[in-house]
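Enquirer: Dropping a prediction and its sequence here:
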Amino acid sequence: MRRISPTTFRVARRGTSREINRQIALNLIRERQPVSRAELARQMGVRRGAVSRLVEELLDTGLVFEGAKGESPRGRKPRQLYIETRRRCVVAVDVTFSHTVIMVTDILGYPLLEVSEIPAQSQPRRHVRELARAIGRLLVERPDVGECVGIGVAVSGLVDLEGGRLKYAPTLGWHDVDLLEPLKAATGLPVQVENSCKACVLAQVWAVRGEPPPDGPVAFVNVSDGVGVGIAVDGTLLRGAHNAAGEFGHVPLNLEGPRCSCGQKGCWETYVSKRAVVARYRGTDPSWPQSVQATSPTVEDIIARAREGETRALETLRETGDFLGRGFATIVKAIDPRRIYVGGEITAAWDLISATVLDSMRQDAVVRNCGETVIRIVSLGEHPRLRGAAALISVPAFAAPAIS
Ligand SMILES: [Zn+2]
């Protein structure tokens with residue numbers, strides 16, 4: 001049951017039920033397109049006339065269009081409804097320690113152009129200026145992608161609840177940076193900034209292709225320069241009071257472990273991040289600061305060596321799998337998710353380590369069945385962070401209306 005807040009409630013008005021039904025129709029079109037009015041009426045269990053009125057409103061918003069007539073066994077050819085993805089685009093931006101990547105997608109998050117990249121920059125203000133210029137160039141050069149409805153920015157770090165301010169990004173070395181306003185001012189476009197893992201989980205639970213996302217709690221774990229976790233419940237992000245919920249990467253596995261970027265010792269991140277994997281392989285100390293970070297071999301190199309049969313590389317990856325499983329068990333104990341999505345370089349080695357990951361997750365889970373949580377890999381080629389950034393802009397139009 002959902003509590004009605006005595007301070008932020010919204011009283012139902014005459015149009016409220018219609019607003020809710022319109023969003024239901026919009027989401028049915030989104031998930032099952034193309035769909036006819038008659039089909040929509042059947043699925044919603046309402047009369048054809050009621051659906052037609054909702055559809056007219058959706059056509060007026062420009063979110064839906066009526067397409068070519070479909071085939072019908074009785075010879076009558078109903079007009080089909082589609083989500084309008086042809087004239088509008090979203091710019092998705094992923095800001096990481098090593099580089100910033102830009103992708104242009106349609107309103108449902110499908111890539112329209114090749115991904116482009118701008119180099120990392122230690123000065124956040126200069127970086128935002130370069131980013132704005134790159135986005136401007138891209139949209140001028142490719143008018144065929146349509147009108148840009150907004151820029152979604154996914155960033156590794158803690159973003160505040162209110163204004164898209166990056167409070168703290170240890171791997172980037174940025175503190176209290178306003179990303180939203182300067183980018184908005186420079187491009188004249190709406191901008192949303194969010195922690196990359198929160199963006200990633202949002203994209204997964206709102207995905208329309210492939211296996212449908214489950215209801216209930218779902219986690220996305222990104223294992224890369226650091227380890228971030230995003231949690232969503234029934235399609236809504238779990239933010240916490242300061243947008244800091246889900247910092248499992250900084251839950252210690254060992255209080256005497258290596259020094260972490262956050263200042264603590266032995267965080268999960270210090271056992272599974274890229275630098276941790278490389279350090280374990282080389283037999284060096286994975287402790288922060290970054291100045292002692294080894295650049296080679298990379299995690300990708302270690303995976304390649306393991307595939308060539310090198311024992312040390314395979315052991316390094318299996319140990320990483322063991323630590324990953326222990327961290328997953330912590331997530332299971334905290335939120336009992338229906339599914340954990342995993343992104344990052346290590347996913348390329350999943351066939352080598354999945355049995356170890358699952359064994360260690362089962363060993364550490366308190367309740368037996370909880371150790372059976374479904375793990376789904378999201379490969380780097382699927383651009384989970386960029387899809388997440390796009391979702392920041394595209395998802396709100398499909399969300400349920402706030403009514404209490
Ligand atoms: Zn930490």
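Expert: Yes, it's here.

Enquirer: Quick one: the helices in the stretch 1-150 of the chain, in order.
Expert: Listed in chain order, the helices of the stretch 1-150 of the chain (DSSP state H, counting those that start in this stretch) span 16-32, 37-44, 48-61, 124-141.

Enquirer: Can you check which helix is longest in this protein?
Expert: Using DSSP state H to define each element, the chain has its longest helix at helix 311-335.

Enquirer: Would you mind listing the buried residues in it?
Expert: 313-314, 316-332, 334-335 (16 or more other C-beta atoms under 10 Å). To be clear about C-beta, it is placed using only N, CA and C from the backbone, and glycine gets the same treatment.

Enquirer: that older thread, save the helices of the stretch 1-150 of the chain as TSV, and put in mean pLDDT and distance to the ion too.
Expert: Compiled in TSV, those are given as follows (pLDDT from 0 to 100; distance: least, C-beta to the ion, whole Å):
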stretch	mean pLDDT	distance to the ion
helix 16-32	91	38
helix 37-44	94	47
helix 48-61	92	45
helix 124-141	90	22
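
Enquirer: of all those, which lies closest to Ala402?
Expert: With C-beta to C-beta as the criterion, Ala402 lies closest to helix 16-32 of the helices of the stretch 1-150 of the chain, at 10.2 Å.

Enquirer: got the angle between the closest one and helix 48-61?
Expert: Between the axis of helix 16-32 and that of helix 48-61 there is an angle of 80 degrees, by axes from the mean of the first three to the mean of the last three C-alpha atoms, to 10 degrees.

Enquirer: what packs against helix 16-32?
Expert: Helices and strands touching helix 16-32, by 3 or more C-beta pairs under 8 Å, 6 or more residues apart in numbering; DSSP states H and E, are helix 37-44, helix 48-61, strand 79-83.

Enquirer: Go through those and pick out the most buried.
Expert: Each of these was assessed for mean neighbour count using mean count of other C-beta atoms under 10 Å. The highest is strand 79-83, with a mean of 19.

Enquirer: where does the protein dip in pLDDT?
Expert: Per-residue confidence for the chain (pLDDT under 70) gives these ranges: 69-78, 290-295, 367-371, 404.

Enquirer: Regarding Gly343, what is its secondary structure?
Expert: Going by DSSP: H, G, I helix; E, B strand; the rest coil, the secondary structure assigned to Gly343 is strand.

Enquirer: Now for the closest residue to Tyr110 other than its chain neighbours, how many residues are close by?
Expert: Setting aside the residues directly before and after it, Tyr110 is nearest to Thr85 in space (C-beta to C-beta, 6 or more residues apart in numbering), at 7.4 Å. Other residues lying near Thr85 total 19 when counted by other C-beta atoms under 10 Å.

Enquirer: Would you agree Thr85 is in contact with Gly109?
Expert: No. Using C-beta atoms under 8 Å, Thr85 is not in contact with Gly109, being 9.7 Å away.

Enquirer: got the residues of the stretch 101-250 of the chain near the ion?
Expert: Along the stretch 101-250 of the chain, the residues adjacent to the ion under the rule C-beta under 5 Å from the ion are His250.

Enquirer: can you tell me the residue of the stretch 101-250 of the chain closest to the ion?
Expert: In the stretch 101-250 of the chain, the residue that lies nearest the ion is His250 (3.5 Å; C-beta to the ion).

Enquirer: That residue contacts Gly266, correct?
Expert: No. If you go by C-beta under 8 Å, His250 and Gly266 don't touch, sitting 10.1 Å apart.

Enquirer: Which one's more surrounded, the two?
Expert: His250 (20 against 17).

Enquirer: what sits against that one?
Expert: His250 makes contact with 260, 262, 264, 267-269 under the criterion C-beta atoms under 8 Å, 6 or more residues apart in numbering.

Enquirer: Could you do Glu31 as well?
Expert: Contacts for Glu31 were tallied using C-beta under 8 Å, 6+ apart; they are 208, 212.

Enquirer: Repeat the analysis, applying 10 Å as the threshold.
Expert: Residues in contact with Glu31 (C-beta atoms under 10 Å, 6 or more residues apart in numbering) are 43, 83, 208-209, 212, 398.

Enquirer: quick one: the strands in the stretch 101-250 of the chain?
Expert: Assignment of strands within the stretch 101-250 of the chain using DSSP state E, counting those that start in this stretch yields the ranges 116-119, 147-155, 158-159, 165-169, 174-178, 191-195, 217-223, 227-233, 236-237.

Enquirer: still on that earlier bit, for Val115, find the nearest of the helices of the stretch 1-150 of the chain.
Expert: Each of the helices of the stretch 1-150 of the chain has some distance to Val115 by C-beta to C-beta; the shortest is helix 124-141, at 10.9 Å.

Enquirer: just checking, what packs against the closest one?
Expert: Helix 124-141 sits against strand 88-95, strand 99-105, strand 116-119, strand 147-155, strand 174-178, helix 180-187, with contacts defined as 3 or more C-beta pairs under 10 Å, 6 or more residues apart in numbering; DSSP states H and E.

Enquirer: Go through it and flag the buried ones.
Expert: 124, 127-128, 131-132, 134-135, 138-139.

Enquirer: Go through these and name the one nearest Leu28.
Expert: Comparing the buried residues of helix 124-141 against Leu28 with C-beta to C-beta picks out Leu139 as the nearest, at 31.8 Å.
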